[in-house]
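Novice: Take this sequence and fold it.
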Amino acid sequence: MSKLKYKHILYTTELSENWKEVFSHALGIAEQYKAKLTFLYVLNTELIDLLTFDVGLERFPSIDKKFTEAKEFTTNINKQVTKKITRAFGKDIIKDINILVERGSPVKIILNVAEEKKCDLIVIGFTGKATLKNATIGSTVNKVLRKSKLPVLVIHNI
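Specialist: Next up is the predicted model:
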């Protein structure tokens, strides 16, 4: 059996209360294996996307304006996420990680980014308030666990 070697780790978060602790785990694993680390924050826009494309709102002339606004909003969120990371971990950390903010279905985005970036491991947090034995894992975490072709490390922090 060959020894594990992670080359690229994907950390994904919704920036819940324990994101720093979970990110610390991802950082530690990346440092231990000298792996690349991608920090992914997904803006869940499933409902908006459904209304826009499935109902046909893209036919309206104002839709181009909405897409421009959405892109600007995403860029602004990326800056806010970068500030949160630097406040929590210092400025030097930014040069060592790739920060992505994406819009869409969280599960699809997480799995697509993991594949596109050729990641070896997905690290994700779970903030369920029940005991782990009785907890129902959140829907995003559960779906990533079931659909991922990669190992998924779920960090539970109450």
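
Novice: buried stuff in whichever helix or strand Val101 is part of?
Specialist: Using DSSP states H and E, Val101 sits within strand 97-104. Judged by neighbour count using 16 or more other CB atoms under 10 Å, the buried positions of strand 97-104 are Ile97, Leu100, Val101, Glu102, Arg103, Gly104. Every C-beta, even on glycine, is put in place using the N, C-alpha and C of the backbone.

Novice: Same list (those) but as a markdown table, adding distance to Asn78 and pLDDT.
Specialist: Below are those laid out as a markdown table (distance: CB to CB, whole Å; pLDDT from 0 to 100):
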| residue | distance to Asn78 | pLDDT |
| --- | --- | --- |
| Ile97 | 13 | 95 |
| Leu100 | 8 | 95 |
| Val101 | 4 | 93 |
| Glu102 | 10 | 91 |
| Arg103 | 11 | 87 |
| Gly104 | 15 | 87 |
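
Novice: Now flag whichever of the residues you listed is closest to Leu40.
Specialist: Leu100 (4.9 Å; CB to CB).

Novice: Please report phi then psi for the closest residue to that closest one other than its chain neighbours.
Specialist: Spatial nearest neighbour of Leu100, chain neighbours left out: Leu40 (4.9 Å); criterion: CB to CB, 6 or more residues apart in numbering. When read as degrees, to the nearest 10, the backbone of Leu40 gives phi -120, psi 130.

Novice: What's opposite Leu40 in the beta bridge?
Specialist: Thr12, Leu100 (DSSP bridges).

Novice: Surely it and Leu111 touch.
Specialist: No - contact between Leu40 and Leu111 fails when scored by CB atoms under 8 Å: they sit 10.9 Å apart.

Novice: what about those two, which has more around it?
Specialist: Leu40 (23 against 19; other CB atoms under 10 Å).

Novice: Break down this structure into its strands, ranges please.
Specialist: Under the criterion DSSP state E, strands of the chain are mapped to 8-13, 36-44, 97-104, 121-126, 152-156.

Novice: Out of these, which is closest to Ala30?
Specialist: Of all the strands of the chain, strand 36-44 sits nearest to Ala30, with 4.1 Å by CB to CB.
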